[in-house]
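Q: can't give you the sequence, but here's the structure:
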């Protein structure tokens, strides 16, 4: 779930790449999904705070989902 590619000619076919891609068009109907994913990744970051690599990856993923949610709401942040 989430959205569609606005330029499939350069598509890298990976979910994480989609979330960073300027051509990704998120589905506004999926806003709750993006918020839930951001919350889930923040929880994982907290849970693994003593494991730097896992912690950093979880924070990165949370940020990707937060950025999409902010894009959908027209805000800078979902908090």
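A: That came in fine, so what should we check first? None of these values were measured; they are calculated from a predicted model.

Q: give me the buried positions along the lowest-mean-pLDDT helix or strand in the chain.
A: For the chain, counting by mean pLDDT, DSSP states H and E, helix 15-20 ranks last in confidence among helices and strands (a mean of 79). Buried positions in helix 15-20, judged by neighbour count with 16 or more other C-beta atoms under 10 Å: 18, 19. C-beta coordinates here come from the backbone N, C-alpha and C atoms, glycine included.

Q: what lies in contact with the following helix or strand past that helix?
A: Downstream of helix 15-20, the first helix or strand assigned by DSSP states H and E is strand 24-26. Strand 24-26 is contacted by residues 2, 3, 4, 5, 6, 18, 34, 68, 71, 72 when judged by C-beta atoms under 8 Å, 6 or more residues apart in numbering.

Q: now do stretch 30-43
A: The contact list for stretch 30-43 (C-beta under 8 Å, 6+ apart) reads 1-3, 26, 58-59, 61-62, 65-66, 68-69, 72-73, 78.

Q: identify the residues contacting the least confident helix or strand of the chain?
A: With C-beta under 8 Å, 6+ apart as the test, helix 15-20 has contacts from 2, 3, 5, 12, 24, 61, 64, 65, 67, 68.

Q: tell me the helices and strands packed up against the helix or strand harbouring the last one.
A: What that stands for is residue 68. Assigned by DSSP H and E, residue 68 falls within helix 52-73. Under the contact criterion of 3 or more C-beta pairs under 8 Å, 6 or more residues apart in numbering; DSSP states H and E, helix 52-73 touches helix 15-20, strand 24-26, helix 31-47.
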